[in-house]
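Colleague: next one to model:
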Amino acid sequence: MQDASTYIAVIDIGRTNKKLLLYDLKLNPVDGAYATIADIPHGNENHEPIDATAAWFLNALADMAASHRIANITITTYGGAFVCLDEQGRVALPPLSGSTDPGEDVQASFDALIGDPRRIQRRMATPRMPFLSVMARGIHYVKERYPELFARTRTLLNLPQYYGYLLTGQTGNERTYIGTHTALWDFERMDWSEVRERLGVEALIPPTLSRAWEVLGTLTPQVARKTGLAPEVRVTMGIHDSNAAMVPFLIKQPEDFMLVSTGSMCVVMHPEPGVRFREEDFGEMVYYNLNAFDGVFKTALFVAGLEFDIYMGLLGGRHGRQDPPDIDPELLADILGRREEFILPAIVPFGMYLNSPARLVEGDQVYPLGDVFSGKGPRFLDDYERSCALLTLSMALHTRKAMERAGHAPGMPVIIEGGFSHNALYTRLIASLAPESPVMLTGLKEASAFGAALLGLAAHEGVSPHRLAERFTLTTTRVPPFELPNLRAYVETFERRTQG
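Modeller: Residues are numbered from 1 along each chain as shown. Below is the predicted model:
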């Protein structure tokens, strides 16, 4: 081993992109490994690639252990996923991905089981999300689809705790994961919801909800031998990824703020004193998260990066390039002044425009996305720079809607992190859409991983994460808005177009 210093390892599991990042005890990132591992198609289902993911991060840990002394491992993953274990601790049935479409029959039987979707959103802060994004619906689906295999289940673990189980042999549960669009947490009572009992799984889910920085256990002898890590390496309980991204800001940001976390999904989050849905929130992708410190934050989300990449792939096929063009204020002003060209959401019915199918508009002509892929489409697609500006404008307007739903108010600081923070046109459009608010970019390159590392350090030192506030600095850069006198009129036309 070349380095005698001590490090915190973070296993950050995205839906497709997987990361293993190493931080020193001053919370500086020092090393990283990356992989792309997609869901496994299986008939009409998509399965979580848990075996491939575990094999990858065990090998990556072994590589890092050869030159770094790792003391703690923390795991963060996306929400809504679970794994069923049998009596021997083996996977009892296929781990279903949240991208699986259960069909209308399963959705109807689930609604009949748990009751009025509006009440579930109000009490359990869980909207009627598509596919198997809601954990309770996923549990209902596997009970219906795999009754004999489900009957063998003795333990049902959230995805972060499943990977923690592979490392330690210990089972546990954690509050941020259960408190994020699962329908298993009652935000009025701040306790388990009746849905857990209606599903008949109260004996399968570990009942004690630990804090994300509590220790789940130490490495099993098998994992220690395979990775070369010391057996006393501790693994923390794990945390939901959006909650992990919020941790450093909840510790260091004293005033009201909104975090716009961008990637495959755009997740807009706003800390609030309690759960308060507005009438217009019901039926939308708006919910509340239980944060790592027992507070709540309101969340609105939509598919951003995936939709952006689909359109950029389309443009790449036409123009042989996918690079971001330079910002052209005159081009932008022309688009806004004409108010005749639009890229309307949404390719995936998951966001703020659930009843708006993806289509492109040029004057009175409307082109469904399917027609565009078959070779038809508006003339503006022949202009690469114009199309990129329209696409980025569409992403910014969808973000504006999500910010509104998550409770943005004039003057409230907005912090943008993630992939779209590198898109200068996008960030300046957000600043222009919220002219009374300071819009800032954060110096954190990986907010979710940094938040998880912060929790790992708290576990390593046996202190509350708040005690580590002096260990790090949140640097921000103010984003300048454009002078766009026709922006508001374009927003109004965009909104009308999405409705008809």
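Colleague: chain center to stretch 183-190, what's the gap?
Modeller: Relative to the chain's own centre, stretch 183-190 is displaced by 21 Å; criterion: CA atoms, centre = their mean, to the nearest Å.
Colleague: could you do stretch 88-98 as well?
Modeller: 22 Å.
Colleague: so which bits of it are buried?
Modeller: Within stretch 88-98, the residues scored as buried using 16 or more other CB atoms under 10 Å are 92-98. Every C-beta, even on glycine, is put in place using the N, C-alpha and C of the backbone.
Colleague: what's the end-to-end length of that stretch?
Modeller: End-to-end distance for stretch 88-98, by CA to CA, to the nearest Å: 26 Å.
Colleague: ditto for stretch 203-217
Modeller: 22 Å.
Colleague: in this protein, where's the longest helix?
Modeller: Counting by DSSP state H, the longest helix found in the chain is helix 384-405.
Colleague: from the contact counts, what lies against that helix?
Modeller: When contacts are defined as 3 or more CB pairs under 8 Å, 6 or more residues apart in numbering; DSSP states H and E, helix 384-405 packs onto strand 258-262, strand 265-272, strand 296-303, helix 305-319, helix 329-338, strand 341-344, helix 424-433, helix 487-498.
Colleague: tabulate the ones you listed (TSV), appending mean pLDDT, distance to Ile415 and mean neighbour count.
Modeller: Converted to TSV, these look like this (pLDDT from 0 to 100; distance: least, CB to CB, whole Å; neighbours: other CB atoms under 10 Å):
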stretch	mean pLDDT	distance to Ile415	mean neighbour count
strand 258-262	97	5	25
strand 265-272	96	10	24
strand 296-303	96	13	24
helix 305-319	95	18	16
helix 329-338	97	24	16
strand 341-344	98	26	22
helix 424-433	98	11	22
helix 487-498	97	22	16
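Colleague: JSON lines please, covering these and showing distance to Leu184.
Modeller: Shown next, in JSON lines, are these (distance: least, CB to CB, whole Å):
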{"stretch": "strand 258-262", "distance to Leu184": "23"}
{"stretch": "strand 265-272", "distance to Leu184": "20"}
{"stretch": "strand 296-303", "distance to Leu184": "15"}
{"stretch": "helix 305-319", "distance to Leu184": "27"}
{"stretch": "helix 329-338", "distance to Leu184": "45"}
{"stretch": "strand 341-344", "distance to Leu184": "35"}
{"stretch": "helix 424-433", "distance to Leu184": "34"}
{"stretch": "helix 487-498", "distance to Leu184": "33"}
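Colleague: count the residues that sit near Lys26.
Modeller: When counting by other CB atoms under 10 Å, one arrives at 10 neighbours for Lys26.
Colleague: my read is that it contacts Arg471, right?
Modeller: Yes. Using CB atoms under 8 Å, Lys26 makes contact with Arg471 at a distance of 6.5 Å.
Colleague: check Ser193 and give its pLDDT.
Modeller: You'll see Ser193 listed with a pLDDT of 96.
Colleague: find the nearest non-adjacent residue to it, please.
Modeller: Excluding its sequence neighbours, the residue lying closest to Ser193 (CB to CB, 6 or more residues apart in numbering) is Asp186, at 4.0 Å.
Colleague: kindly report the same for Phe302.
Modeller: Computed as CB to CB, 6+ apart, the closest residue to Phe302 that is not its neighbour in sequence is Gly351, at 2.7 Å.
Colleague: just to revisit the earlier point, ok, so of the buried residues of stretch 88-98, who is nearest Trp56?
Modeller: Trp56 lies nearest to Pro95 out of those, by CB to CB, at 15.9 Å.
Colleague: and the residue nearest to Phe302, how far from Met129?
Modeller: Distance, Gly351 to Met129, by CB to CB, to the nearest Å: 11 Å.
Colleague: need the overlap of contacts for these two.
Modeller: Met285 (CB atoms under 8 Å, 6 or more residues apart in numbering).
Colleague: more crowded one of these two?
Modeller: Looking at Gly351 and Met129 with other CB under 10 Å, you find the greater number of neighbours at Gly351, namely 24 against 17.
Colleague: which residues touch that one?
Modeller: 285, 301-303, 345, 398, 402.
Colleague: hmm, back to that, what pairs with the residue nearest to Ser193 across the strands?
Modeller: Using DSSP bridges, the bridge partners assigned to Asp186 are Asp191.
Colleague: and it, how many neighbours does it have?
Modeller: Applying other CB under 10 Å, we find 17 residues neighbouring Asp186.
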